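# Test case, fold it:
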Amino acid sequence: MILLFDIGNTHTHLGLADGQRVRQQTDIPTLAWFGGGAAARVKKFIGKHKIEGAALCSVVPRATPLVRKAVRQLWRLETLELNARTIRGVGVDYPTPATIGADRLANAVAARARFGAPVVVVDFGTAVTFDVVNAKGNYVGGIIAPGLAAMTDYLHDKTALLPKIKIRDIRSAIGKSTEEAMLVGAVHGYRGLVRELIAELKRELKAKSLPVVATGGYAKLIAAKLPEISEVEPDLTLEGLRLVWLAQ
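Coordinates of the predicted model:
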């Protein structure tokens, strides 16, 4: 089995994969790498599986060497770190490749393998990111916008009367309470933002059809009424890591 680490600011997404697909996944707090206990959680997740290789992508540089050290100590393996130098499956046509988030590269690899090129990934995380692979199969850049929760939390933090809300879908476009009004602005408005940005990308890429893959926490919610999104893939980043490890 291949052990996969997608190290994010809040959570580290763990995956176990084989030659066909990601077989299981779970999350642990990224802070656990600094406070202790992370290695024990990883061992519990793995159980009796035999680990033959490991790969990681990270947006938390301080955590990266701790993960590599744990894998080296527990399984005597070196961990492949995905970045613009080690990427396989897509080219990189970008002025400053070292500044591209490794998770975004992993998403691009998985999306191209699944849908070909051109293709766009929309990742609904703390920020919503659009990553673009052009018709030549090269990662060429993307878009970053505020995340859905970040937007609603900002309204709560910066106003006296607007409440903190739990994001959910709402049918009507007219809110009958403060919470409903905020949900309309957030969910319906967010779909409009995503739809317009996809249309702009399609025009710029001169693509008659443009597969769009959604991933991240709010992907299923936002994609529900967006026919522009081809598919929701919760494990897209881990799948990209799996493919890069196999191609090394």
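# going forward, measure contacts and count neighbours with C-alpha atoms only.
Fine.
# Spell out which helix or strand contains the residue of the chain positioned farthest from its centre, please.
Of all residues in the chain, Lys176 has its C-alpha farthest from the mean position, at 33.9 Å, by C-alpha atoms, centre = their mean. Take DSSP states H and E as the rule and Lys176 turns out to sit in neither a helix nor a strand.
# pLDDT weak spots in this protein?
154, 156, 161 (pLDDT under 70).
# burial count for Lys164?
Under the neighbour criterion other C-alpha atoms under 10 Å, Lys164 is assigned a count of 15.
# all strands in this structure, in order from the N-terminus.
With strands called from DSSP state E, the chain shows them at 2-7, 11-17, 22-29, 53-58, 79-81, 91-92, 119-124, 127-133, 138-146, 212-216, 231-232.
# Could you point out the longest helix of this protein?
Under DSSP state H, the helix in the chain containing the largest number of residues is helix 189-205.
# Dump the C-alpha coordinates for that one into CSV.
Taking C-alpha atoms only, helix 189-205 is exported to CSV below (Å, rounded to 0.1, in the frame of the first residue of the first chain):
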residue,chain,number,x,y,z
GLY,A,189,-24.2,34.2,-4.8
TYR,A,190,-21.3,31.8,-4.7
ARG,A,191,-22.8,29.7,-7.4
GLY,A,192,-23.0,32.8,-9.5
LEU,A,193,-19.3,33.6,-8.9
VAL,A,194,-18.3,30.1,-9.8
ARG,A,195,-20.5,30.0,-12.9
GLU,A,196,-19.1,33.3,-14.2
LEU,A,197,-15.5,32.4,-13.6
ILE,A,198,-15.9,29.1,-15.4
ALA,A,199,-17.4,30.9,-18.3
GLU,A,200,-14.4,33.3,-18.4
LEU,A,201,-12.0,30.4,-18.3
LYS,A,202,-13.8,28.6,-21.1
ARG,A,203,-13.6,31.8,-23.3
GLU,A,204,-9.9,32.4,-22.5
LEU,A,205,-9.0,28.7,-23.2
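# So which other helices or strands are in contact with that helix?
Using 3 or more C-alpha pairs under 8 Å, 6 or more residues apart in numbering; DSSP states H and E as the contact test, the elements touching helix 189-205 are helix 219-223.
# helices or strands up against the helix it packs on?
Where contact means 3+ C-alpha pairs under 8 Å, 6+ apart, helix 219-223 is packed against helix 189-205, strand 231-232.
# For the shortest one, give me every contacting residue.
Around strand 231-232, the neighbours that count as contacts under C-alpha atoms under 8 Å, 6 or more residues apart in numbering are Val212, Val213, Ala214, Thr215, Ala219, Lys220, Ala223.
# Mean neighbour count, the strands of the chain: which tops it?
A comparison of these by mean neighbour count, using mean count of other C-alpha atoms under 10 Å, puts strand 119-124 on top with a mean of 26.
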